[in-house]
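Asker: have a look; sequence and predicted model below, questions after that.
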Amino acid sequence: MSDSAPTVSADANSRLLSALGDQLTVLGRSYELVVIGGSALLALGLISRPTRDVDVLALVGAGGFESAQPLPVPLAEACAKVARDLELPADWLNSEPGDMLRLGLPAGFAERLDCRVFGPHLTVCFASRFDQVHFKLYALVDQGPGKHEADLRALEPTHEELISAAVWSRTHDPSEGYRGVLTEALAYLGVEDADLGT
């Protein structure tokens, strides 16, 4: 979504998901989404900054987490109707974070989800604060400072949480280049003694 896209506040975020739930009710199709990023942080009251989209990590199916790439046709249709009605960009429901599902999630991720119902046909499960610390540290190292650093600081991670996040992030990128940038980022955040292995 472009930088010129409309931003969504916490209240608007809830209304947006409710509108999606309404459209799914009309279609008679049910979905359970796993959401991370700014939208999840807003929903949990962990940040106050507006966000530009809703980041979908996965769909929940009978066998567990499933890729949301591409979005199922009925869900994409419902999203398009919400975009039209609320004058939002067509890609306001962003499934790109689904790449992280393929690489692996922090241990115990599913048990920490905060699931909420937005009508009879839509459940949205938001990633916990602990897991968001992991995702935000990885994003900070991978993409640089900005909103990811601001969000991470807003989460007020402990020393132990940052170490846990750093070790997990190395499973996504074990390269020496990433390790070097990660070490610098941790030092910048006040963690000088991280043992990240070789």
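Answerer: Received, thanks. This one's a predicted model, so the numbers in the text were calculated from it and none came from an experiment. Residues are numbered from 1 along each chain as shown.

Asker: next structured bit after the helix or strand containing residue 17?
Answerer: Taking DSSP states H and E as the criterion, residue 17 maps to helix 10-27. For helix 10-27, the following helix or strand on the C-terminal side (DSSP H and E) is strand 31-36.

Asker: packing partners for that following strand?
Answerer: strand 54-61, strand 122-126, helix 129-143 (3 or more CB pairs under 8 Å, 6 or more residues apart in numbering; DSSP states H and E). Glycine gets a C-beta too; all of them are placed from N, C-alpha and C.

Asker: just checking, next helix/strand downstream of the helix or strand bottoming out on mean pLDDT in the chain?
Answerer: The helix or strand of the chain with the poorest confidence is helix 99-103; it has a mean of 86 (mean pLDDT, DSSP states H and E). Using DSSP H and E, the helix or strand that follows helix 99-103 towards the C-terminus is strand 114-117.

Asker: pull the distance from that next one to the chain's centre.
Answerer: Relative to the chain's own centre, strand 114-117 is displaced by 14 Å; criterion: CA atoms, centre = their mean, to the nearest Å.

Asker: and if you look at stretch 187-198?
Answerer: Worked out by CA atoms, centre = their mean, stretch 187-198 lies 24 Å from the chain centre.

Asker: from here on, call the first residue 104.
Answerer: Taking 104 as the first residue, the last one we looked at is stretch 290-301.

Asker: circling back: contacting residues around the least confident helix or strand of the chain?
Answerer: Contacts with helix 202-206, where a contact means CB atoms under 8 Å, 6 or more residues apart in numbering, come from 139, 160, 161, 168, 170, 172, 238, 274, 275.

Asker: can you redo those as CSV with pLDDT and neighbour count?
Answerer: Putting the contacts of helix 202-206 into CSV (pLDDT from 0 to 100; neighbours: other CB atoms under 10 Å) gives the following:
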residue, pLDDT, neighbour count
139, 96, 26
160, 97, 26
161, 97, 24
168, 96, 18
170, 93, 16
172, 93, 15
238, 96, 25
274, 92, 12
275, 91, 16
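
Asker: which two among those residues are spaced furthest apart?
Answerer: The span of the contacts of helix 202-206, defined through CB to CB, is set by 172 and 274 at 20.6 Å.

Asker: find the centremost residue of this protein, please.
Answerer: Closest to where the C-alpha atoms of the chain average out (CA atoms, centre = their mean) is residue 139, at 1.7 Å.

Asker: hang on, isn't it packed against residue 237?
Answerer: No - using CB atoms under 8 Å, residue 139 makes no contact with residue 237, being 9.9 Å away.

Asker: got the confidence number for residue 108?
Answerer: Looking at residue 108, its pLDDT reads 49.
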